[in-house]
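Chemist: Okay, here's the prediction I keep looking at, along with the sequence it came from:
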Amino acid sequence: MVRRIFKYLLAVTVFSGWGSLAALSADAEFADFPDVPQMDRLDNAFREAGFYVGARGGVVLANDSEFTITGPDLVENAYEMGYGGYSFIGFELPDLYRGAGLRVEGEVGLIHLDVETHTVGGTERSEDDSFGSTEAIAGFLNAYVDFGNGGLRPFIGGGVGVARVTFDDHGVTGALGVMDDAGNAFAWQIMAGASVYLADAVSLEGMVRHQSVMDVELVSSTGPTSKVDLTSTQVLFGARYHF
């Protein structure tokens, strides 16, 4: 008899406990549990995504470059302030995560530099005695991160690509055209700036860019081969049209 009463009480206790737990769970509605990550944010980001096109240009401040001629004599090239221009097409996710956006773009452009002075074998020649120009036509794949949700959005970015660099008729009086050659090489760049959104479809931008073309192989007219770096700081302004 006692054993039957004990079994009955045990069954009532178990079923009562499960019933209380179910009621508690229903009332709480999992309020104390952290939110499960939703796909809504990602869906919204891709809903606002789109393509854009644009152009940018500005001034180019190049570091000195150098090559060798028969001697061997080292020729150092100091450049005047140059200019550059680029066009690009890209794809953007304006608000990927907590106000941060992502842009990826393909860019092509050109920079032009005129020689200010040549230094040959340690002796600097005057501007009147030095001549020549350097151009680089480059293509880059760039990626940017934009910050903020307002009309003004700072950004940082970087890119890699390839450039064709031409040294056109570098020389000094009495030694014309000692370097007149072109070569292809790997290029990279990093940049920082800000965009101003004027309307849904138009934005303006300004940036400072560091660009480097590495180990361009050039052959002087006197024989020696040189691997030349072309490094510059660029201050650029541009506009983008968003589809």
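Modeler: Looks like it came in fine.

Chemist: Could you list the low-pLDDT ranges of the chain?
Modeler: 1-47 (pLDDT under 70).

Chemist: can you pull the contacts of the spatially most central residue of it?
Modeler: By CA atoms, centre = their mean, the chain has its centre lying nearest to Gly158, at 2.2 Å. Going by CB atoms under 8 Å, 6 or more residues apart in numbering, Gly158 touches Asn142, Ala143, Trp188, Gln189, Ile190, Met191. For the C-beta atoms, the positions are set from N, CA and C on the backbone; glycine is no exception.

Chemist: what do you get if the cut-off is 10 Å, keeping everything else the same?
Modeler: 140-145, 188-192, 209-210 (CB atoms under 10 Å, 6 or more residues apart in numbering).

Chemist: now for the longest strand seen in the chain, which elements pack on it?
Modeler: In the chain, taking DSSP state E as the definition, the longest strand is strand 175-197. The helices and strands touching strand 175-197, judged by 3 or more CB pairs under 10 Å, 6 or more residues apart in numbering; DSSP states H and E, are strand 65-69, strand 73-79, strand 100-120, strand 130-146, strand 152-172, strand 202-219, strand 225-242.

Chemist: Alpha carbons of stretch 120-139, as CSV, please.
Modeler: What follows is stretch 120-139, C-alpha atoms only, in CSV (Å, rounded to 0.1, in the frame of the first residue of the first chain):
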residue,chain,number,x,y,z
VAL,A,120,74.7,62.5,-63.1
GLY,A,121,77.5,60.9,-61.1
GLY,A,122,76.8,63.0,-58.1
THR,A,123,76.8,66.3,-60.1
GLU,A,124,73.5,68.1,-60.4
ARG,A,125,72.7,69.6,-63.7
SER,A,126,70.6,72.7,-64.0
GLU,A,127,67.0,72.8,-65.1
ASP,A,128,68.0,74.3,-68.4
ASP,A,129,70.4,71.4,-69.0
SER,A,130,68.0,68.6,-67.9
PHE,A,131,65.0,67.3,-69.8
GLY,A,132,62.7,64.3,-70.3
SER,A,133,59.4,63.1,-69.0
THR,A,134,57.9,60.0,-67.3
GLU,A,135,54.4,58.6,-67.7
ALA,A,136,52.7,55.7,-66.1
ILE,A,137,49.5,54.1,-67.5
ALA,A,138,48.0,51.9,-64.8
GLY,A,139,45.0,49.6,-64.1
